[in-house]
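Visitor: I'd like to go over a predicted model; first the sequence, then the structure.
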Amino acid sequence: MADLEFERRLERLFADAPELPDARGFAERIERRLDRGWNLRRWLIGAAGLAGGVVGASQLVLSNLFDRMETAEHSARVLGQGLARVTPASDMVSALSGGYGVWIAVGLAVVTLGFAVSRVIEEI
Amino acid sequence: MPGAGHATLASLHDVELCARAAAGERRAFGELARRHGSAIRHLLRRMGAQGAEADDVAQDALLAAFERIAEFRGEGTFAGWVKRIAARQYLRRLQREKRLASYVAEEARDEAEGRTEAGAAGDAERRLDLDEALKVLSRPERMCVSMCYGAGLSHAEAADALNLPLGTVKSHVKRGLEKLRTRLAPAPEVKDGAEVEGKRGNG
């Protein structure tokens, strides 16, 4: 029983540590290191996202995307012509099937890849 | 206004601060560091770390705690949790610098020598504080006692962290406690329900 009491007392003595005079300065150093780490991480995530986006875009451009898009454009144009016979609202499909459609798709792909890479790195 | 923000954080309980820190609020964690930084640094010094080294390890331990704050489930105190991280980090550092083996192999200190040092620091008034009393212990005893009663590790956890047989750790703790018992002045009256941090080493 005396042993247990002494052990409990010892635990209290260990827990009862007086505050050191530079406790505030110590905590501020911790906060600064946290901020520095956070900024560095943001830069790394941003750079990785950008690099991922560029790599993704180049892969898209180099993987016969244009040929495929041209085929798709042709199909869309045929579809648009078909739809034009049915309804005048098919103008929109025709507009998207032009050259702009390719670049919009590439842009969206870059943004999506960049976002996905950023999220994956952030999760890691 | 930063001052107002700190005043608000200062009024929050550790659990709330942990929740905020887990949500990425670094100022909340700064408040936790302000509250418990000294206790962590004291523990490391009691384990044998020198001032600057203790501060370095305490900083690293707190940063590691921030990274792993989501793992803190609120079972036990935040201070106890970080102290365990700090104790383990200190041991890893000693191991990395190849100092751990010599520390734990150190022979028991001559008790008479320890008594002289401790006595010079205030034995006349029978008011030896823990830091003075710990000076009487050999380094392995001091480390084992600090890990079990300061960081709240069990004997088995301490043995694992120190890479020592369980029986050796138990012997160090037993001898350390015997020495401390003779050095520490009679216990002052303690309020009922005083919080005891960490868990007692029970093998």
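Guide: Arrived safely.
Visitor: just how off-centre is the helix or strand harbouring residue A:36 within its chain?
Guide: Following DSSP states H and E, one finds residue A:36 within helix A:23-62. If you compare the mean C-alpha spot of helix A:23-62 with that of the full chain, they lie 11 Å apart, counting by CA atoms, centre = their mean, to the nearest Å.
Visitor: so what does it touch, helix or strand wise?
Guide: For helix A:23-62, the contact count by 3 or more CB pairs under 8 Å, 6 or more residues apart in numbering or on different chains; DSSP states H and E identifies helix A:99-123, helix B:26-47, helix B:51-67 as packing neighbours. C-betas here are computed from N, CA, C, even on glycine.
Visitor: okay, these, which one's buried deepest?
Guide: Burial of the helices and strands packed on helix A:23-62 is given as mean neighbour count (mean count of other CB atoms under 10 Å in any protein chain shown); helix B:26-47 ranks first at a mean of 24.
Visitor: look up how far chain B lies from the residue lying closest to residue A:118 once chain neighbours are set aside.
Guide: Counting by CB to CB, 6 or more residues apart in numbering or on different chains, the nearest residue to residue A:118 once its immediate chain neighbours are dropped is residue A:49, at 3.9 Å. Remark: distance between residue A:49 and chain B (CB to the nearest CB, to the nearest Å) = 19 Å.
Visitor: residue A:49 contacts residue A:112, correct?
Guide: No: contact criterion CB atoms under 8 Å: residue A:49 and residue A:112 do not qualify, at 11.1 Å.
Visitor: how close does the residue positioned nearest the centre of chain B sit to chain A?
Guide: The C-alpha lying nearest the average C-alpha coordinate of chain B belongs to residue B:43 (CA atoms, centre = their mean; 3.0 Å). According to CB to the nearest CB, residue B:43 stands 7 Å off from chain A.
Visitor: so what's that residue closest to, chain neighbours aside?
Guide: residue B:150 (4.6 Å).
Visitor: contact partners for the one you found?
Guide: Counting by CB atoms under 8 Å, 6 or more residues apart in numbering or on different chains, residue B:150 touches A:14, B:43, B:46-47, B:83, B:87, B:198.
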